[in-house]
Every structure is written in C-alpha cells, then in structure tokens.
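K.L.:
Sequence isn't available, so here's the structure alone:
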C-alpha cells in the first residue's frame, strides 16, 4: 500500500487479489458519484464540503467559545446521537484546554439518576447551556432542556435565556422559533448535514471551542483529507482502501467489525464511530455490526472471544505513531513484579508494543482486518480521522445498496415510544 496519512495497513487480506482490486474499482466509482451528488441521499452530503465551508464561520465559533468560557465554568451540551457524540469524542480524546470550560452532557438518555446528578453538580456553579437539535422535538434532549431550563430560571431569574445558545435548523423547527422569539443566540446546523456527520459543523465545533480545543486545527485536518479524497485515485485514498477491506472481509463471512482503540480516552470516539456505522449501514438486512474494544482493558473481558470464539469478526486497530511520552515508568518498583526491563521507558511505548502484540495474536488466531495509524493524538489528526471514517462508512453503505443518510429504524423506535406516551 502507498504511504498515506493516516496510514492503512491490511492484515489477513491480499491487497493484490482480483477480489480486492474489483471492489477498490467499485469504491472509486461510488466515491465519484458521492462527490458529484448522484447517490441516494445526495441532499445530505453537505458534510463532504464542511472543512472548506466552515472556514468563514470559525472566527464566530471561536469568539463565542471564548465568551462562554469567560462567563461560565461549565457548558452543558444538550443532545443525543450525532448531536453530541462527535463533540464528546473529541473532548474525551483531547482533554480540556487551559482556558476552556468543563463540558457536561445532557439529553443523551432518559435516566433519572443521571439527570438528578447533573442538576446537583450544577448547584453553585456558573453554567451555560448549548441545546443541539434540528427540530427541537427529539424527546430525550427536549425533556432534558425542560429540566435544565427550570434549574436555570431558579438560578438566574428572567436573564436565564442569556445563558443559552441554540444550535438548530437555520430556518425552521420549534427550537428556531423559540430562540427567535426570545432573542436567544443561535448557530446553524447546515440543512444538508445529518446528525451523525455533523461533528465538523457548529454542532461539534462550538462546544469544543468553549472547552479550549483548537477547532481550526480540527477542521484543517479534515480539510487535508477532503482535498486528498477529491484528488486521489481509489488506490491511494485511505477511506476507499478501508471501505474496500471491510466489504471484502464481510463477503467472507466477517460480518462483525471490532474497532480496537489504544486507550480509554478514545472510547467515546469508538461510540461515535459505532453510531456512524450502525445508522448508516444497518438497513434492508445489510451492514457490518460495529463493536468497540479498548486496550488493554477489554482483553481481560472479551479478548478471549476474539482470540478463540466464532470466526465472524474482522478487526480494525487504531494507532498513533507518536503516543504520549509521559509518564516514564520508574526503573524499579515496590515489589518484584518482573517488569524491570521496561523501567525508564515511556508508558506510551509499552502501550504501542501491547497493541502490536495483541494484533499479532489476533491475526495468528484468524482475525483479519486493518490497521489505521495517524501521526499523533492532536486536533489536526483527529480531524483527519473523523473525515476518513465518515467517508469510508458512506462508501460501505453505498456498496451495500442502501442510503447512508437516513435512519428509518430510529424513526420506528421514536414512533413506538410516542405511542406509549400518548397512552398516559
């Protein structure tokens, strides 16, 4: 494979086989159609151009983020699914910036325990609220906003709406009307971008800017991949190679994909990817089941199944060329643990060797897959990864003959819940 950034390495799969070559060619044609706007769901492909189109908006997003940080200690992000997962993934992966607010999350479940704990945590703290919803009628965030609004009214009085920012449809919906009536500041969710593809829009960028994360670098990294996707041949495009590998392995009976992550700081990135893949691909009896494993924690729980269980799994390893150099392991420990050979080494090095050893063991145990390696865990490279995974998943769905950008199954669950609520 060519030298790519992020780099893609195939394992347990012959890149020179006719089978792989034919699917690469098909993926190349699908990518061309996707970029031309001639695929199913083309009206929701605005995410492809977000890195370039966000550039004029970044000054406003960054400025609003600074204002939020100056006026509050916490920003409560209210949303579910794609309305919060991308931002939370980046926040957990990159950490809070020095001058940023703490991010809290609401509206992503109906748990009364989590709602009560959040309200209790906000007592005595200055906070602002970022409500994210295209319609304003999605049940989980709408109910969370009711609870938070009551708390904010008690805390801040009539001025509580000054502590709310709404991210919603640019022209319509209950949230848009409410914000306009009360003079609440708003950010637009592009009408051509669906929730699970929205992390590089104000949906993800505003909370991250408030947290002190370099959103310009995040968008720049995605733009790097966007430009490459528009100019690279199929054989040189990391998203195409990854999508093709997934589909070849699925055709060989590997219908479950495990995304193996190097550390728990990326667990929410795994959750973001799981929603992206599950909602985009899982239709009409098609799709690869997405699952996530975090090293080395999950090796002590489901690692046994991966190694010796049913051979229905393909595995994608996510790695970084430069992982954190700190902390350094002391040269001797309080007990004779037999690990003096790694004394004086960075824990990140041990992590990388653990990943390589795990990968070797799984490949020897007949678990084929890919390795995707970015340069380092920073905003630029995370932006690259967001775009690579979005493009690869869209291509995989199109290969299966489904629209990557709708979610009829989700709408079915919503109708079912509404029917129960209407019986109250």
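P.N.:
Structure received. Bear in mind the structure is a predicted one, so any value in this text is a computation, not a measurement. Numbers count the residues shown, from 1 in each chain.
K.L.:
For the protein, list the residue farthest from the centre, please.
P.N.:
What lies farthest from the middle of the chain is residue 336; by CA atoms, centre = their mean that is 41.3 Å.
K.L.:
how would you label that residue: helix, strand or coil?
P.N.:
Under DSSP: H, G, I helix; E, B strand; the rest coil, residue 336 falls in the coil class.
K.L.:
Likewise for residue 76?
P.N.:
strand.
K.L.:
quick one: contacts for it?
P.N.:
103, 104, 105, 106, 118, 122, 127, 128, 129, 130, 148 (CB atoms under 8 Å, 6 or more residues apart in numbering). C-beta coordinates here come from the backbone N, C-alpha and C atoms, glycine included.
K.L.:
which ones among those are found in strands?
P.N.:
Among the contacts of residue 76, the subset assigned to strands under DSSP state E consists of 103, 104, 105, 106, 127, 128, 129, 130.
K.L.:
Report how many residues lie close to the fifth one.
P.N.:
If you count neighbours by other CB atoms under 10 Å, residue 127 ends up with 22.
K.L.:
One more: the fourth one?
P.N.:
Close neighbours of residue 106, defined as other CB under 10 Å, add up to 26.
K.L.:
Tell me the bridge partners for it.
P.N.:
Beta bridges link residue 106 to residue 78, judged by DSSP bridges.
K.L.:
how near is it to residue 400?
P.N.:
35 Å (CB to CB, to the nearest Å).
K.L.:
again with the second one
P.N.:
With distances taken as CB to CB, residue 104 is found 37 Å from residue 400.
K.L.:
What ranges does the stretch 101-250 of the chain have for its helices?
P.N.:
Here the stretch 101-250 of the chain has its helices, by DSSP state H, counting those that start in this stretch, at 112-122, 139-156, 174-182, 202-210, 215-231, 238-251.
K.L.:
ranking the ones you listed by burial, who's on top?
P.N.:
Highest mean neighbour count of the helices of the stretch 101-250 of the chain: helix 202-210, a mean of 29 (counted as mean count of other CB atoms under 10 Å).
K.L.:
elements contacting that helix?
P.N.:
helix 58-71, strand 74-78, helix 85-94, strand 127-132, strand 164-168, strand 185-188, helix 215-231 (3 or more CB pairs under 8 Å, 6 or more residues apart in numbering; DSSP states H and E).
K.L.:
now for the ones you listed, which one comes closest to residue 293?
P.N.:
When the helices and strands packed on helix 202-210 are compared by CB to CB, helix 85-94 sits nearest residue 293, at 16.1 Å.
K.L.:
Residue 192 - how many residues pack around it?
P.N.:
The local packing of residue 192 (other CB under 10 Å) involves 18 other residues.
K.L.:
and it, what does it touch?
P.N.:
The neighbours of residue 192, taking CB under 8 Å, 6+ apart as the test, are 43, 44, 45, 46, 47.
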